[in-house]
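> sequence unavailable; structure follows:
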């Protein structure tokens, strides 16, 4: 009677089927480059030949015949409705060739395709904004002699924009309705690695910012209005100022793009036969990977730097009316002032995950002979879809705002005279500071991330999945 036994040393070192959300995709998938052709590394007797693209008609220098069909193509887009697909690849090796340890294929790749991913944004540098404005109008009226009149009227409408705006290191948004799929692989040759996963579609690009924004605007506004009249005369000084000063600063930096919607990233199916079938020698262990696919994930946002805002406003209007004996003096001053010295910093923000995306590892089927050493790793998981990007912030916001507002209105009259001084001030000063930093993006809705099925069939018909 035959006794059934199982040698665990011949099984896989690790079989991973978990469906967890992996690290959020940073969107950097070389959108401007075509997807790689399937590579077959065939060291054979000459280990220094390295890897070369598969060709259906080019012979490979190895001891056994190796065939590969349909080289991989990748159509890459940065917007919606694109497809990047690795086509079917097959590699076969004769039994005689498989009987020698170390012979066969080192690597078969049909994955790493990209479609509709947003590009990364990188910024390294700084902006230094130091503007200076001195505005000092002077108006003087003098009347001499008895019974004379002196009138001084000044009207100023001033609008000063010293704002600073910086948007840097922002990743692009992922497109919609894209497909990135690895081609199927069929192999009966020994291989160090068979990979059809690591495909990505519709992911937002990452945003990286390293630098600083330094803003130091200065405004000095000093209008002077004077009316003088001698004895028996009248002096009228009128000053009206409408002033709008904008010294605000806004920094948007290190922001990841949002993931797209309705994207699919899937690894191609893999079917492998024992490379030592019918042979007296075992083959070296290798890895089978169909997972690592990502779709519709928000890009990460990383900010390293600072925002320094030191604004200064000196507003000092002066209005003076002087009249002699028996005269009247009128001094009227009206000020409508708006000063904006606010600071807003939005930095290190992860992009939002998209909706209705799917990322899945494909099927991996291994048929093993009893003399074969098995697979080190069968990986169909590590797929992610619709995850929000991470937000990283390392830096500071320094806001030092100074506003000096000193209006002066003077009316002077001698004995038996009338002096009237009127002053109206409508002032709005905003010195607020807002910092939004290091915020992760929200996850999407209706997304699916699945690990593919794995079947490792040993000679005694035990199934591991």
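That came through, no problem. Every value quoted in this text rests on a predicted model; they were computed, and no experiment measured them. Numbering: from 1, shown residues only.
> pLDDT weak spots in the stretch 251-400 of the chain?
273-286, 364, 366-381 (pLDDT under 70).
> the stretch 1-150 of the chain now?
Scanning the stretch 1-150 of the chain for pLDDT under 70 picks out 1-111.
> ok, 50 please
Residues of the stretch 1-150 of the chain meeting the criterion pLDDT under 50: 1-80, 82-104.
> can you pull out the strands in the stretch 51-200 of the chain?
Ranges of strands in the stretch 51-200 of the chain, per DSSP state E, counting those that start in this stretch, are 51-53, 83-85, 89-91, 105-109, 114-115, 121-129, 132-135, 138-143, 149-161, 164-170, 179-181, 185-187, 191-195, 200-201.
> nearest to residue 351, of those?
strand 164-170 (9.7 Å; C-beta to C-beta). C-beta here means a position set from N, CA and C on the backbone, and glycine is covered the same way.
> for residue 406, which non-adjacent residue is closest in space?
In this structure, residue 406 finds its nearest non-sequential neighbour in residue 316, 4.8 Å apart by C-beta to C-beta, 6 or more residues apart in numbering.
> quick one: contacts for the one you found?
When contacts are counted by C-beta atoms under 8 Å, 6 or more residues apart in numbering, residue 316 touches 221, 222, 404, 405, 406, 407, 408.
> could you look up the SS state of residue 444?
coil (DSSP: H, G, I helix; E, B strand; the rest coil).
> does it really touch residue 355, like I thought?
Yes. The pair residue 444 / residue 355 is scored as a contact, 4.5 Å apart, by C-beta atoms under 8 Å.
> quick check: neighbours shared by the two?
Shared contacts of residue 444 and residue 355, counting by C-beta under 8 Å, 6+ apart, come down to 261, 296, 386.
> distance between the ends of stretch 178-198?
With C-alpha to C-alpha, to the nearest Å as the measure, stretch 178-198 spans 15 Å from end to end.
> no no, stretch 227-239
11 Å.
> next one: stretch 224-240
11 Å.
> what of stretch 406-418?
Span of stretch 406-418 from end to end, C-alpha to C-alpha: 25 Å.
> cool, and stretch 404-419?
28 Å.
> who's more crowded, residue 444 and residue 355?
The neighbour count for residue 444 versus residue 355, taken as other C-beta atoms under 10 Å, is higher for residue 444 (23 against 19).
> distance of that one from residue 199?
18 Å (C-beta to C-beta, to the nearest Å).
> could you do residue 423 as well?
72 Å.
> how about residue 320?
78 Å.
> residue 423 and residue 199 - which one has more neighbours?
Using other C-beta under 10 Å, the more surrounded residue of residue 423 and residue 199 is residue 199, with 35 against 16.
> look up how far residue 358 lies from that one.
11 Å.
> pretty sure residue 138 is touching residue 223, no?
Yes. In this structure, residue 138 is within contact of residue 223 by C-beta under 8 Å, at 7.5 Å.
> and stretch 129-136, which residues are buried?
129, 131 (16 or more other C-beta atoms under 10 Å).
> what helix or strand is residue 302 on?
Using DSSP states H and E, residue 302 sits within strand 301-315.
> test my guess that residue 433 contacts residue 308.
No. Using C-beta under 8 Å as the test, residue 433 is too far from residue 308 to be in contact (11.7 Å).
> stretch 308-321: which residues count as buried?
For stretch 308-321, the neighbour count (16+ other C-beta under 10 Å) marks 308, 309, 310, 311, 312, 313, 315, 317, 318, 319, 320, 321 as buried.
> oh sorry, the question was meant for stretch 397-407
397, 399, 401, 403, 405, 407.
> nearest residue to the last one other than its sequence neighbours?
Right, the one you point to is residue 407. residue 317 (4.8 Å).
> how much space separates the one you found from residue 157?
Going from residue 317 to residue 157 by C-beta to C-beta gives 13 Å.
> what of residue 179?
If you measure residue 179 against residue 157 using C-beta to C-beta, the figure is 59 Å.
> residue 363 now?
Counting by C-beta to C-beta - residue 363 and residue 157 are separated by 74 Å.
> my read is that residue 261 contacts residue 352, right?
No. Checked against C-beta under 8 Å, the pair residue 261 and residue 352 is beyond contact range at 10.8 Å.
> common neighbours of the two, please.
In contact with both residue 261 and residue 352: residue 444, using C-beta under 8 Å, 6+ apart.
> secondary structure and distance to residue 248 for the buried residues of stretch 397-407 - can I get that in TSV?
Output for those, formatted as TSV (DSSP: H, G, I helix; E, B strand; the rest coil; distance: C-beta to C-beta, whole Å):
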residue	secondary structure	distance to residue 248
397	strand	13
399	strand	11
401	strand	10
403	strand	13
405	strand	18
407	coil	23
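> columns distance to residue 240 on top of those residues, output as CSV?
What follows is those, written out as CSV (distance: C-beta to C-beta, whole Å):
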residue, distance to residue 240
397, 37
399, 32
401, 26
403, 21
405, 16
407, 12
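> which among these gets closest to residue 331?
Distance to residue 331 across the buried residues of stretch 397-407 (C-beta to C-beta) is lowest for residue 407, with 11.5 Å.
> separation between the closest one and residue 430?
Counting by C-beta to C-beta - residue 407 and residue 430 are separated by 19 Å.
> now residue 263
43 Å.
> ok, residue 337 next?
12 Å.
> likewise for residue 248?
Residue 248 is 8 Å from residue 430, where distance means C-beta to C-beta.
> tell me which of these two has more neighbours.
residue 248 (23 against 14).
> residues contacting the more buried one?
By C-beta under 8 Å, 6+ apart, the neighbours of residue 248 are 163, 164, 340, 341, 342, 343, 344, 430.
> ok, the fifth one - contacts?
Residues touching residue 342, when contacts are defined by C-beta under 8 Å, 6+ apart, comprise 248, 249, 430, 431, 432, 433, 434.
> wait, the third one touches residue 343, no?
Spelled out, it's residue 430. No. Between residue 430 and residue 343 there is no contact under C-beta under 8 Å: 10.1 Å.
> one step back: can you pick out the residue with more neighbours from residue 179 and residue 157?
residue 179 (23 against 10).
> quick check: the gap between that one and residue 213.
To residue 213, residue 179 is 40 Å away according to C-beta to C-beta.
> over to residue 141?
46 Å.
> over to residue 382?
Applying C-beta to C-beta to residue 382 and residue 213 gives a distance of 38 Å.
> cool, and residue 267?
For residue 267 relative to residue 213 (C-beta to C-beta), the value is 43 Å.
> do the same with residue 298
Residue 298 sits 25 Å away from residue 213, going by C-beta to C-beta.
> higher neighbour count, those two?
Comparing residue 298 with residue 213 by other C-beta under 10 Å, the one with more neighbours is residue 298, at 39 against 26.
> what about the residue lying closest to the more buried one once chain neighbours are set aside, is that helix, strand or coil?
Using C-beta to C-beta, 6+ apart and skipping the chain neighbours, the partner closest in space to residue 298 is residue 351 (3.2 Å). State at residue 351, reduced to three classes by three-state DSSP: coil.
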